[in-house]
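Visitor: next come a sequence and a model predicted from it.
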Amino acid sequence: MPRIAYFGPQGTFTEQAAIGFVHPGRDELVPYETVPQALAAVRRSEVDAACVPVENSVEGAVPATMDALAEGEPLVAVAETVLPVRFSVLVRPGTGVGAVRTVASHPHALAQVRYWLEENLPEASVVSTTSTAAAAVAVQRGEFDAAVSAPVAVNHYPLSEFATDVADVADAKTRFLYLRRPGTLPEPTGSDRTSMVVTTADRVGALSELLVELALRGISLTRIESRPTKGRLGEYRFYIDMLGHVAEPRVGDALAALHRHCRQVRFLGSYPQAEPTVSGEPVAASNEDFTAAADWVAAVRRGVGA
Ligand SMILES: O=C(O)C(=O)Cc1ccccc1
């Protein structure tokens, strides 16, 4: 029976995402307390795949996922999914507003309900937990008074809904990856994404070389993000998502060029896009565009523009 790790415990958003990847009745879902633990379980073949969050439309990247994918034995994404994210605030039954002195959750969840907390629980202190569901477990144990959780968490833990449909940003979304040990790649579908992590050479223009290689081949970037290598101060890795599949000539050609230019390139997978990417804006290159841009720079130099 295939075993699928997810960032748990039961009742996380990631479990919801993982359910979408598994075959009911065939696959077994196995919770792990942290993202690195879920990925380590795939690396040591304790499970066949793992589902982890990778980025959020409000809070950005999930650093634990980025670091764990850049280091250790390589893993590759074979699928992604995007889920809308709204929260329930869960308490022990009978807890009134005045009794909520501590609110716990995953840092990404707390960041997405900051204004709601200021409005509704201004006196409560905020505490980070490993996941939204870990916060629910801690509330059940009496360690904190309220948990900012995924709506499904109320089905797993004996808690009450203090508030539902909580979100500072109404249509926030989180993207999750489904990762395996390297093996057969998913077939190209015509609407794919390729992910990689790249350490550029230490020379002037290294990042622009990388971007030019993609632009010259008409490849659209959907994400570029940097994280320190944890080595020298100022040394960064770039996490790059682009449209296309490594089986396509222009994408394969671009990856080969990056392999030549960059100090290190790690392929993180080519997989079908969960949602089609809205196509970009035209290049602003009319004479009016140049004049308006020059006027703006002149205003900045005079100290009256920004
Ligand atoms: O803690 C969870 O439930 C997760 O799956 C991570 C997360 C946290 C906040 C928004 C989306 C995913």
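Guide: Done, it's in.
Visitor: get me the contact residues on the chain for the ligand.
Guide: 7, 12-14, 53, 56, 85, 106, 108-109, 131-133, 150, 174 (CB under 6 Å from any ligand atom). The C-beta positions use only the backbone N, C-alpha and C, and glycine is treated the same way.
Visitor: can you rerun that using 8 Å?
Guide: By CB under 8 Å from any ligand atom, the part of the chain that sits against the ligand consists of 7, 11-17, 53, 56, 59, 62, 83, 85, 105-106, 108-109, 112, 130-134, 149-150, 172, 174, 176.
Visitor: inside strands: which ones of these?
Guide: Residues of those located in strands (DSSP state E): 7, 53, 56, 83, 105, 149, 174, 176.
Visitor: for the closest residue to the fifth one other than its chain neighbours, give me its contacts.
Guide: The shortest distance from Ser105 to any non-neighbouring residue, by CB to CB, 6 or more residues apart in numbering, is to Val148 (3.7 Å). Contacts were defined as CB atoms under 8 Å, 6 or more residues apart in numbering; by that measure Val148 touches 87-89, 103-105, 109-110, 113, 132, 135, 166.
Visitor: check Ala284 too.
Guide: Ala293.
Visitor: number of residues surrounding Pro31?
Guide: Pro31: 19 surrounding residues under other CB atoms under 10 Å.
Visitor: can you classify it as helix, strand or coil?
Guide: For Pro31, the assignment made with DSSP: H, G, I helix; E, B strand; the rest coil gives strand.
Visitor: distance check, the residue nearest to it when sequence neighbours are not counted against His106.
Guide: Closest residue to Pro31 apart from its sequence neighbours, by CB to CB, 6+ apart: Gly8 at 2.6 Å. Distance, Gly8 to His106, by CB to CB, to the nearest Å: 12 Å.
Visitor: which one of the two has more residues nearby?
Guide: Remark: of Gly8 and His106, His106 carries more neighbours, 27 against 23, as counted by other CB under 10 Å.
Visitor: correct me if wrong: the more buried one contacts Val127.
Guide: No: His106 is beyond contact range of Val127, at 10.9 Å (criterion: CB atoms under 8 Å).
Visitor: tell me the least confident of the ones in strands among the residues of the chain next to the ligand?
Guide: In terms of pLDDT, the lowest of those is Asn56, showing 94.
Visitor: run through the stretch 201-306 of the chain and note the low-pLDDT ranges.
Guide: Low-confidence segments of the stretch 201-306 of the chain, defined by pLDDT under 70: 279.
Visitor: minimum distance to the ligand, which residue of it gives it?
Guide: The ligand sits closest to Ala274 of the stretch 201-306 of the chain, with a gap of 14.8 Å, by CB to the nearest ligand atom.
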